[in-house]
Every structure is written in C-alpha cells, then in structure tokens.
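# sharing a model prediction with you, sequence too.
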Amino acid sequence: MVTMDVQSLFIVIPNGVGLEFLCQYLKDDGVYDTRTIDCLCFLVDIILENNSFMFEQCIYKQLDGMAMGTSCANSYANLVMAKWEKQHIIEGTWSEKVVFYRRFVDDLFLLRERSSTNLQQFLSDISRSTHFLKFTAHSSNKNAEFLDVSITRKNRGEFCTEIFH
C-alpha cells in the first residue's frame with residue numbers, strides 16, 4: 001500500500017501549464033463550443049493573473065498557482081491532477097504494476113503488484129514525471145492512512161478499514 005500527497009498543490013501549478021491543461025480538457029470533453037471554451041479559459045487566465053492576498057497588513061500578488069480560496073481552485077487543481085494521473089498512472093509506464101488507484105484532489109492511494117519492481121524506483125519515476133509536482137510518500141505492506149481512514153491488510157488479501165480522528 002502506498003499513500004502519497006502532493007505538496008502545496010494549489011500554489012505550485014505554473015499558470016501556463018494549468019491553463020493549457022484546462023483548455024485542452026474542455027476541448028477534449030466536447031461539451032462546450034470553441035467560443036465558450038475560449039471565454040472560460042480567458043476568465044481563468046484573469047483569475048490567475050490577479051491573485052492577491054493580505055498577510056500581516058501587506059498586500060501581495062501571487063505570481064504562480066491558484067489562490068486556495070478562489071471558488072474555481074478545487075476544480076482547477078483537480079483537472080491538473082487528472083491530466084497528470086492519466087499520463088503517468090493510468091496510461092503510463094507503471095499502469096500495469098498498479099492494481100488499485102484512487103485520488104482525492106492531492107491525496108493518492110494505490111496498491112501495486114507484489115512482484116513489481118522496487119518501490120524506490122517507482123517513487124523516483126513519479127517524482128521525475130513533472131517539474132512542478134512534488135510528492136511525499138508512505139508505504140507499508142500492512143497499514144496505511146488515507147484521508148480519515150486507517151486501512152489494514154489482513155491475511156489472504158483482505159482489508160479492514162476504520163475511521164480515525
């Protein structure tokens with residue numbers, strides 16, 4: 001069992017990369033016409049270019065990434081992660097070695113084949129897959145904590161889950 005977390009996801013996504021991923025997703029989805037896609041991408045670009053926040057009575061302009069309090073921040077970050085996971089987990093080099101995978105925004109949980117190559121090589125490849133996403137990872141053959149759930153592997157491949165606080 002491997003759990004991973006993306007460090008500071010919202011603020012590390014380069015504006016150009018995130019905007020490109022968003023626009024490509026909207027085109028691939030096929031729901032919106034070109035004019036609507038262009039408008040949505042333009043509006044998100046305005047949000048990205050005008051991120052500001054106050055800290056200790058000073059106003060700062062955020063140069064890269066999405067401000068966490070922005071109403072579109074979760075959707076934006078989720079789209080970036082969806083594109084990354086499709087390229088590197090679902091359809092990537094490791095897709096045949098991952099037998100179970102789930103993600104909630106920046107928290108990842110996966111089960112790998114027992115016979116697959118070593119964990120350190122997997123984590124190294126994942127870390128090199130992008131220049132802006134940085135991961136922390138924890139692995140165990142017996143226990144893992146994902147979100148607010150403690151997962152324990154029992155004998156014969158069974159799993160037990162408990163909610164913890």
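Thanks, I have the structure now.
# L110 against E85, yeah?
No: the criterion here is C-beta atoms under 8 Å, and L110 misses it with E85 at 10.1 Å. For every residue, glycine as well, the C-beta is placed using N, CA and C.
# quick one: contacts for the residue most central in space within the chain?
The centroid of the chain falls nearest to M81 when counting by C-alpha atoms, centre = their mean (3.6 Å). M81 makes contact with 6, 9, 103, 105-106 under the criterion C-beta atoms under 8 Å, 6 or more residues apart in numbering.
# ChimeraX command to pick out the buried ones of these?
To isolate the buried ones among the contacts of M81 in ChimeraX, judged by 16 or more other C-beta atoms under 10 Å, type:
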select :6,9,103,106
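# and the contacts of M81 as CSV, adding pLDDT and secondary structure?
Compiled in CSV, those are given as follows (pLDDT from 0 to 100; DSSP: H, G, I helix; E, B strand; the rest coil):
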residue, pLDDT, secondary structure
V6, 94, strand
L9, 93, helix
R103, 95, strand
V105, 93, coil
D106, 94, coil
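# which pair in the contacts of M81 has the greatest spatial separation?
Maximum pairwise distance among the contacts of M81 (C-beta to C-beta): 11.2 Å, between L9 and R103.
# list phi and psi for V31.
phi -80, psi -40 (degrees, to the nearest 10).
# next: E96.
Per-residue torsions, E96: phi -80, psi -20 (degrees, to the nearest 10).
# state the distance from it to W84.
18 Å (C-beta to C-beta, to the nearest Å).
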